[in-house]
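**Q** Need coordinates for the below:
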Amino acid sequence: MNVNLSISGMSLDELLSAKHFQTFCRSPSDYGYGNTIEDMRRKEFSRIGDMTYLDNAGTTLFPQSLLDGFMKDLSENVYGNPHSHCISSRLTYETVEQTRYRILQHFNTSSEDYTVIFTAGSTAAMKLVAEIFPWTPNCLDNTGSRFCYLTDNHTSVIGIRGITKIINVLSVPVEPEDMLQSKNLESDYHHQGEYHKTPHLFCYPAQSNFSGTKYPLAWIEKIRLGKLFPLGTPGCWFVLLDASSYVSTSPLDLSSYQPDFVTISFYKIFGFPTGLGALIVSNRVTHLLRKNYFGGGTSAAYLSGEDFYVPKASTSDRYEDGTISFLDIIAIKYGFDTLERLTGGMEHIQNHTHTLASYTYSVLSALRYANGASVIQIYSDTEFRMLDVQGPVINFNVLDESGGIIGYSQVDKLASLYNIHFRTGCFCNSGACQKHLRNSNMDVKQNLMVSQWPVTEQGLLFDRNWMIVNENRVCFSQKNEPKLCLIHPSIDLKKNIMIIKAKGMDPIETPLMDDSDAKAPVCQNKVCGDRVHTYDCGEKIADWLSRFLNRKCHLIRQSSNFSRFANANRKGLLGVPHSTLSLVNEAQYLLVNRASIVYLRQQLESSDIEIDQLTQRFRANIVINGSQPFEEENWAEVFIDGLHFQVSGKCNRCQIICIDQHTGEKKKDVFQTLSTCREGKATFGMYLLNSSCSLYPALLKVGSPVIFAASASRQSKNTAK
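**A** You can find the predicted model right below:
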């Protein structure tokens with residue numbers, strides 16, 4: 001690698017010199033904690049050795065004196081279960097309460113304004129908020145609660161929508177730019193009526209764990225006072241502040257900025273203990289919170305034989321189910337003691353880390369190849385100049401001389417050779433990762449899909465080889481069992497198995513090897529009036545499906561030694577005299593045109609169905625990017641990757657297209673709209689059959705050009721999805 005450096009004419013040695021580094025220090029105290037850093041490294045972090053540790057965003061390294069003080073405490077004191085009432089238990093209880101006060105003091109507040117609820121981490125704290133928040137489910141007038149969140153958020157925040165979805169509360173993502181340019185969302189708060197009282201929750205990070213961007217803490221007060229409405233939606237807005245990344249290197253003043261909920265993880269601050277966090281909740285909202293589950297230590301009284309329960313009066317006691325991690329909580333005291341003794345407090349940590357990050361940013365930005373191309377692509381929203389808008393997180397990719405990204409796994413391997421430790425991946429923040437890499441939703445989804453698939457004389461390999469039947473061997477479809485769409489099979493060709501998943505069920509596997517010649521009994525079934533030979537896939541998978549669908553059923557598979565043929569000749573098709581079929585209705589393939597889907601989407605009055613969701617309702621094998629809606633209906637032949645297909649006719653649609661393939665919910669609007677815009681004929685998509693001109697086995701690849709021949713011998717090109 002031939003790398004040059006050029007910034008204001010400096011050489012590499014000059015750029016990395018201590019003299020140049022000092023230009024980034026506003027004062028001598030900005031870096032190094034009063035020139036004690038080398039001594040600190042020798043005494044507190046000798047275990048690092050020659051390691052270069054750069055993963056403070058992943059976890060802080062704990063100082064040795066923290067561990068020594070904690071272990072000395074444990075060796076000298078006996079701490080009992082705080083739910084008991086003996087002397088050792090009282091010692092634990094009082095020590096834990098003192099730790100709560102110390103935490104509040106660290107954030108410049110007191111127990112008069114906030115309560116500390118210990119959790120298993122920041123993630124558990126967020127989940128607790130989702131479970132106890134006073135959501136109002138949406139009704140027909142759509143006036144229920146909203147869960148609103150920045151797209152630049154930790155996975156654990158986005159995961160709250162899994163809870164809100166169950167209780168029919170709408171989750172709405174908001175781009176950071178929309179909030180930062182929020183003047184159009186500000187209001188004088190003059191709205192009246194019951195809708196004004198509807199509780200909504202807005203969650204954002206004080207600091208992005210992806211890029212280190214610090215979002216305005218001033219949003220908190222504006223939102224709480226109704227001067228700023230996320231989504232432009234009035235109501236009673238509450239704020240959940242994810243402070244986990246922020247408080248690791250910055251001071252948080254809860255007397256100046258007062259969110260309703262704050263989540264933190266202590267290992268981000270001290271490095272130890274892990275698996276311990278807290279929900280810091282404002283006392284002004286505790287009376288609104290509600291709880292369903294109650295665990296040990298949370299009840300003042302309850303009856304086992306009657307639905308009677310009285311929670312404890314203390315907010316922390318009420319929401320800390322079971323015995324808390326009291327020994328780990330005791331370690332927090334030594335975390336605060338050590339932090340203040342070694343650094344002088346969070347302000348000094350903030351100055352130190354910002355100075356180092358700002359300098360590193362400038363050096364990495366200056367790296368150039370001999371051809372002038374950048375070596376590093378940094379993903380940030382600032383230039384690391386002001387510590388109030390930028391935290392010490394540097395996210396980057398290494399580029400090659402042509403500007404292509406060198407894979408992070410390769411960079412990680414090279415760093416390991418030099419004992420450099422940093423984090424790679426998307427850091428549990430897909431929203432920010434997607435934005436900075438400029439990936440569309442479809443880009444992300446396609447990376448989880450196969451890029452190619454084998455094609456046989458019967459169609460796509462293993463496509464429609466199985467069906468679910470009732471006790472009388474009658475086939476289920478989504479017409480009579482919409483929950484079928486919630487069953488997700490996937491094929492693993494390497495392991496030669498099919499994996500079946502469904503929400504709330506453990507995955508189950510079934511072999512791809514045909515068992516029809518072995519012990520499985522062969523039976524006869526009908527598909528679209530045709531007789532087919534099948535065999536039962538066994539009681540284990542039948543029981544799995546029966547439990548999920550809540551009705552007795554079996555999984556059966558088409559026998560490999562039985563052939564079923566398409567009725568191609570009666571359609572007047574040539575070149576497809578013996579097209580064999582799996583358990584499909586009419587043809588081996590179903591093709592739909594994305595342009596036709598976009599057209600249909602534009603006709604729908606409802607705007608809550610995305611293009612990708614609408615596409616999935618038509619359950620096609622092949623999706624192409626056409627130029628005109630319904631142009632596919634004029635085609636006679638299709639050519640993809642050397643494969644030749646005959647168009648055998650239009651697909652007449654039924655009410656299955658009304659079923660949301662993600663939820664199983666059914667609405668009539670899609671079918672009604674299709675019928676209206678097609679002048680009463682609900683046709684959509686074209687059936688294809690293999691031509692005898694094709695050679696098998698073959699591969700069908702995503703992104704392949706599609707050439708079609710129309711009835712008038714017109715040809716054009718599109719792209720297969």
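
**Q** Make sure S546 is indeed in a strand.
**A** No - going by DSSP: H, G, I helix; E, B strand; the rest coil, the assignment for S546 is helix, not a strand.

**Q** pLDDT-wise, which helix or strand of this structure ranks last?
**A** Using mean pLDDT, DSSP states H and E, the weakest-scoring helix or strand in the chain turns out to be strand 3-5, at a mean of 52.

**Q** quick one: low-confidence parts of the stretch 451-600 of the chain?
**A** 515-529, 567-578 (pLDDT under 70).

**Q** need the strands for it, in chain order.
**A** Taking DSSP state E, counting those that start in this stretch as the criterion, the stretch 451-600 of the chain contains strands spanning 452-456, 459-460, 466-469, 488-492, 497-501, 508-511, 522-527, 530-536, 554-558, 564-565, 580-581, 589-593.

**Q** possible to save those as JSON lines with distance to I167 and mean neighbour count?
**A** Using the backbone N, CA and C atoms, a C-beta is placed for each residue, glycine as well. Shown next, in JSON lines, are those (distance: least, CB to CB, whole Å; neighbours: other CB atoms under 10 Å):
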{"stretch": "strand 452-456", "distance to I167": "39", "mean neighbour count": "16"}
{"stretch": "strand 459-460", "distance to I167": "39", "mean neighbour count": "20"}
{"stretch": "strand 466-469", "distance to I167": "30", "mean neighbour count": "19"}
{"stretch": "strand 488-492", "distance to I167": "23", "mean neighbour count": "12"}
{"stretch": "strand 497-501", "distance to I167": "24", "mean neighbour count": "17"}
{"stretch": "strand 508-511", "distance to I167": "29", "mean neighbour count": "15"}
{"stretch": "strand 522-527", "distance to I167": "40", "mean neighbour count": "14"}
{"stretch": "strand 530-536", "distance to I167": "39", "mean neighbour count": "18"}
{"stretch": "strand 554-558", "distance to I167": "33", "mean neighbour count": "23"}
{"stretch": "strand 564-565", "distance to I167": "46", "mean neighbour count": "16"}
{"stretch": "strand 580-581", "distance to I167": "44", "mean neighbour count": "20"}
{"stretch": "strand 589-593", "distance to I167": "34", "mean neighbour count": "24"}
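
**Q** Show me this structure divided up by domain.
**A** 3-47+347-437, 62-109+323-344, 113-290, 464-562, 584-720 (automatic domain parsing).

**Q** could those go into TSV alongside distance to E457?
**A** Listed next are these as TSV, based on distance: least, CB to CB, whole Å:
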stretch	distance to E457
domain 3-47+347-437	38
domain 62-109+323-344	61
domain 113-290	43
domain 464-562	12
domain 584-720	5
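
**Q** Relative to W453, which of those is closest?
**A** W453 lies closest to domain 584-720 among these, at 5.6 Å (CB to CB).

**Q** hang on, the earlier thing: reformat the strands of the stretch 451-600 of the chain as a markdown table; add distance to K291.
**A** Shown next, in a markdown table, are the strands of the stretch 451-600 of the chain (distance: least, CB to CB, whole Å):
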| stretch | distance to K291 |
| --- | --- |
| strand 452-456 | 48 |
| strand 459-460 | 50 |
| strand 466-469 | 39 |
| strand 488-492 | 33 |
| strand 497-501 | 31 |
| strand 508-511 | 35 |
| strand 522-527 | 50 |
| strand 530-536 | 47 |
| strand 554-558 | 41 |
| strand 564-565 | 57 |
| strand 580-581 | 55 |
| strand 589-593 | 47 |
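
**Q** Out of the ones you listed, which gets nearest to Q616?
**A** The closest of the strands of the stretch 451-600 of the chain to Q616 is strand 589-593. By CB to CB, the value is 10.5 Å.

**Q** packing partners for that closest one?
**A** strand 622-625, strand 683-690 (3 or more CB pairs under 8 Å, 6 or more residues apart in numbering; DSSP states H and E).

**Q** what's the offset of the shortest one from the middle of its chain?
**A** Averaged C-alpha coordinates place strand 622-625 at 27 Å from its chain's average position (CA atoms, centre = their mean, to the nearest Å).

**Q** Could you please name the strands it pairs with and the direction of each pair?
**A** Applying DSSP bridges to the sheet, strand 622-625 is found paired with strand 589-593 (parallel), strand 715-720 (antiparallel).

**Q** And for the last one?
**A** Each strand paired with strand 683-690, and its direction, by DSSP bridges: strand 589-593 (antiparallel), strand 643-652 (antiparallel).

**Q** what's near enough to touch the residue lying closest to E509 once chain neighbours are set aside?
**A** Sequence neighbours aside, I497 is the residue nearest to E509 in space, at 4.7 Å (criterion: CB to CB, 6 or more residues apart in numbering). Counting by CB atoms under 8 Å, 6 or more residues apart in numbering, I497 makes contact with I491, E509, T510, P511, L512.

**Q** if you set the cut-off to 10 Å instead, what comes out?
**A** S490, I491, E509, T510, P511, L512, M513 (CB atoms under 10 Å, 6 or more residues apart in numbering).

**Q** which residues of the stretch 301-450 of the chain score low on pLDDT?
**A** In the stretch 301-450 of the chain (pLDDT under 70), the answer is 446-447.

**Q** quick one: the strands in it?
**A** Using DSSP E, counting those that start in this stretch, strands in the stretch 301-450 of the chain cover 308-311, 367-369, 376-378, 396-399, 405-406, 420-421.

**Q** and the domains of the chain, which is most packed in?
**A** Ranked by mean neighbour count under mean count of other CB atoms under 10 Å, the domains of the chain are led by domain 113-290, which reaches a mean of 19.

**Q** So for that domain, mean pLDDT?
**A** Mean pLDDT, domain 113-290: 89.

**Q** what about that domain, how long is it end to end?
**A** For domain 113-290, the first-to-last residue distance is 19 Å (CA to CA, to the nearest Å).

**Q** so how far is that domain from its chain's centroid?
**A** For domain 113-290, the distance to the chain centre is 17 Å (CA atoms, centre = their mean).

**Q** for stretch 686-696, same thing?
**A** 39 Å.

**Q** That one: end-to-end distance?
**A** 22 Å.

**Q** pLDDT on that stretch, on average?
**A** 80.

**Q** quick one: contacts for the residue nearest to the spatial centre of the chain?
**A** Compute the mean C-alpha point of the chain, and by CA atoms, centre = their mean the closest residue is T155, 5.4 Å away. T155 makes contact with T123, M126, N209, C426, F427, C428, N429, S430, G431, according to CB under 10 Å, 6+ apart.

**Q** what's the closest of the residues you listed to E632?
**A** Looking across the contacts of T155 and measuring by CB to CB, the closest to E632 is S430, at 34.2 Å.

**Q** wouldn't the closest one be in contact with N439 here?
**A** Yes - proximity of S430 to N439 meets the contact threshold set by CB atoms under 10 Å, at 9.5 Å.

**Q** wait, doesn't I132 sit right on V281?
**A** Yes - I132 is in contact with V281 according to CB under 10 Å; the separation is 9.1 Å.

**Q** Can you work out which residues contact both of those two?
**A** What both I132 and V281 touch, as defined by CB under 10 Å, 6+ apart, is the set I117, F261, L289, Y319.

**Q** Which among the strands paired with strand 683-690 is found nearest to E94?
**A** strand 589-593 (68.1 Å).

**Q** quick one: that closest one to chain centroid distance?
**A** The mean C-alpha position of strand 589-593 is separated from the chain mean by 30 Å, CA atoms, centre = their mean.

**Q** on that earlier part again, out of the strands of the stretch 301-450 of the chain, which gets nearest to Y696?
**A** Minimum separation from Y696 across these (CB to CB) falls at strand 405-406, 37.3 Å.

**Q** Quick check: which helices or strands does that closest one pack against?
**A** Counting contacts by 3 or more CB pairs under 10 Å, 6 or more residues apart in numbering; DSSP states H and E, strand 405-406 is packed against strand 396-399.

**Q** where's the strand it packs on relative to the chain centroid, distance-wise?
**A** With CA atoms, centre = their mean, you get 23 Å for strand 396-399.

**Q** for it, packing partners?
**A** helix 346-366, strand 367-369, strand 376-378, strand 405-406, helix 408-417.
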